[in-house]
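Asker: Sequence and predicted structure below; questions after.
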Amino acid sequence: MKIAVIGTGYVGLVTGVALSEIGHQVTCIDIDPNKVAELNQGIPTIYEPGLGEMMLRNQSAHRLFFTDQHEKGLDGAEVIYIAVGTPQRADGSANLQYVEQAARDIANNIRKSVIVVIKSTVPVGTNLHIKKIMNANTRPGIQVRIASNPEFLREGSAIHDTFRGDRIIIGAEDRETADVLEEINAPFGIPVLKTDLSSSEMIKYASNAFLATKISFINEIANLCEKLGADVEEVSRGMGLDHRIGMSFLRAGIGYGGSCFPKDTNALVQLAGNHHHEFNLLKSVIEVNNHQQRVLVEKMVARFGSLKGKRVAVLGLAFKPNTDDLRESPALVIIPKLVELGAEVITYDPIAANQGPRWINAPAAYTKNIAKALKDADCAVIVTDWPDIKRMEPETFAYFMKTPIVFDGRNCYSIAAVRKARIEYYSVGRPDVVPEVIR
Ligand SMILES: NC(=O)C1=CN([C@@H]2O[C@H](COP(=O)(O)OP(=O)(O)OC[C@H]3O[C@@H](n4cnc5c(N)ncnc54)[C@H](O)[C@@H]3O)[C@@H](O)[C@H]2O)C=CC1
Ligand SMILES: O=C(O)[C@H]1O[C@H](OP(=O)(O)OP(=O)(O)OC[C@H]2O[C@@H](n3ccc(=O)[nH]c3=O)[C@H](O)[C@@H]2O)[C@H](O)[C@@H](O)[C@@H]1O
């Protein structure tokens, strides 16, 4: 099938590469000429394990192309995916301007009837709204059929999730369109659920909202565990053994971040509000998360009194491991707060360190060398559970730091290992470890 993908961000690039890998002829279009130039040189513009090799393989096989010209990229396409951003507006609702512009770009450039697939996360009703925009702008005689095909990949495991996903959701107005989409996706071998447009749009928001709810729930249990002397890791394990609950998304920590959970939960609250429905449960999930991003700083202030002049090593900037994405990362809240409280901050991230200065709105130093970050620090704060941080022996803190006092927002080490290492250690939902003598 000849396919065009509009937008080469996390979703568009992975979608384009994956569709070419299963044999389709794919052209990806982006308005950012710098991105397109890099992609045309075989350089992936995002950090995503396994993406680079797959991209090069399909470029070499002449199945995958990149352009910044809509006219060229859309020429001859039978199916066009829209995968542009839907960022949050100031009031929390989804900003649809990029999707609307992509729709106009399609309508102005196509010369034959096509199927347009909306992969971007959009509020219920958007697919029909976009169809209207296209119908109003296409040449006479050209028919646009629309389909909703929301994306469920996670950053950092996007290739794995695309080829091993749990389900593919296809929302369409008519059976024929849904069947074409099913055929395109058949080589993935993933179960398909065909449904109507509105339900498909809602499945995406409901799924993200439910996962965010699980995280805020376990974080509240963690906060309670701290007060009652229970260990949240044990509690999660014990709960997760019940198949109805399941183990996943019960890791307590410093709250969810990233480009989607925060924006999609806010957008669903807004959407509900627009229809005179107070989504109180989801409002609480958001409130709990906003507080959870601050718990480590509260613990630091309780421990030190004042942070003025303290040298703090912040380990991890990305909102989760295996990505260079800082969007809505807890680091964006924690670092400016530490600076405001008078701390001197040096940050470490193995992949996202270069992105730091663009995102962090406060003076801080950046390094990809963990020893350099820890050297002579008064305390360390773990924001991201990168594998190299988790693999580190807790003794390492005592070796490099002035005082080995660690605030772990991701529960990276077992309490037993920490006790053995004789460091002072505060994590989330677990007992504090305070040795009698800190070297
Ligand atoms: N990032 C993620 O892990 C996931 C994102 N989503 C959803 O997918 C959508 C896209 O998200 P990301 O890929 O993260 O966005 P992004 O911001 O990384 O990428 C969007 C790209 O679209 C390009 N673009 C904007 N308007 C254009 C136009 N008219 N023509 C051509 N290119 C245009 C931009 O230059 C940019 O490169 C959003 O709705 C998001 O909620 C869904 C699942 C996972
Ligand atoms: O719509 C989206 O963009 C995507 O949002 C999430 O994917 P992503 O944000 O990439 O990453 P997750 O692995 O879900 O993690 C999100 C945040 O939750 C946190 N988290 C996750 C799981 C957990 O148990 N505890 C926890 O605090 C992570 O640290 C991270 O900050 C969803 O998992 C994807 O299915 C969805 O496609």
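Answerer: It's in. Ligands and ions are numbered 1, 2, ... in the order given.

Asker: okay, CA-based contacts and neighbour counts for the rest of this
Answerer: Noted.

Asker: Pull the distance from the lengthiest helix in the chain to the chain's centre.
Answerer: As assigned by DSSP state H, the longest helix anywhere in the chain is helix 197-228. For helix 197-228, the separation from the chain centroid amounts to 15 Å (computed by CA atoms, centre = their mean, to the nearest Å).

Asker: buried set for it?
Answerer: Neighbour-count burial for helix 197-228, counted by 16 or more other CA atoms under 10 Å, picks out 197-202, 204-206, 208-226.

Asker: How about it and ligand 2, any contact?
Answerer: Yes: counting by CA under 6 Å from any ligand atom, ligand 2 is contacted by helix 197-228 at Ile215.

Asker: Any residue of the following helix or strand past that helix touching ligand 2?
Answerer: Next in sequence after helix 197-228, counting helices and strands by DSSP states H and E, comes helix 232-240. No: Helix 232-240 is not in contact with ligand 2 by CA under 6 Å from any ligand atom; minimum separation 9.6 Å.

Asker: what about dumping the CA coordinates of helix 232-240 to PDB?
Answerer: The C-alpha coordinates for helix 232-240 follow below in PDB (Å, rounded to 0.1, in the frame of the first residue of the first chain):
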ATOM      1  CA  VAL A 232       4.700  -0.200  49.200                       C
ATOM      2  CA  GLU A 233       6.800  -2.600  47.100                       C
ATOM      3  CA  GLU A 234       5.400  -5.500  49.200                       C
ATOM      4  CA  VAL A 235       1.900  -4.000  48.900                       C
ATOM      5  CA  SER A 236       2.200  -3.600  45.100                       C
ATOM      6  CA  ARG A 237       3.400  -7.200  44.700                       C
ATOM      7  CA  GLY A 238       0.600  -8.500  47.000                       C
ATOM      8  CA  MET A 239      -2.000  -6.500  45.100                       C
ATOM      9  CA  GLY A 240      -0.700  -7.300  41.600                       C
END
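
Asker: Name the surrounding residues that touch the helix or strand that comes right after that helix.
Answerer: The helix or strand immediately downstream of helix 232-240 is helix 261-274, counting by DSSP H and E. Under the contact criterion CA atoms under 8 Å, 6 or more residues apart in numbering, helix 261-274 has outside partners 87-88, 91-94, 123, 205, 208-209, 212, 256, 278-279, 282-283, 286, 328.

Asker: anything in stretch 168-181 sitting right up against ligand 1?
Answerer: No: using CA under 6 Å from any ligand atom, we find that stretch 168-181 stays clear of ligand 1, coming within 12.4 Å at best.

Asker: ends of that stretch, how far apart?
Answerer: 10 Å (CA to CA, to the nearest Å).

Asker: So which bits of that stretch are buried?
Answerer: Buried residues in stretch 168-181, counted by 16+ other CA under 10 Å: Ile168, Ile169, Ile170, Gly171, Ala172, Glu173, Thr177, Ala178, Leu181.

Asker: Save the residues you listed as TSV, and put in secondary structure, distance to Thr67 and pLDDT too.
Answerer: Converted to TSV, the buried residues of stretch 168-181 look like this (DSSP: H, G, I helix; E, B strand; the rest coil; distance: CA to CA, whole Å; pLDDT from 0 to 100):
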residue	secondary structure	distance to Thr67	pLDDT
Ile168	strand	27	98
Ile169	strand	28	98
Ile170	strand	27	98
Gly171	strand	28	98
Ala172	strand	28	98
Glu173	coil	30	94
Thr177	helix	27	98
Ala178	helix	28	98
Leu181	helix	24	98
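
Asker: how about Ile115, what does it touch?
Answerer: Glu78, Val79, Ile80, Val144, Arg145, Ile146, Ala147, Thr177.
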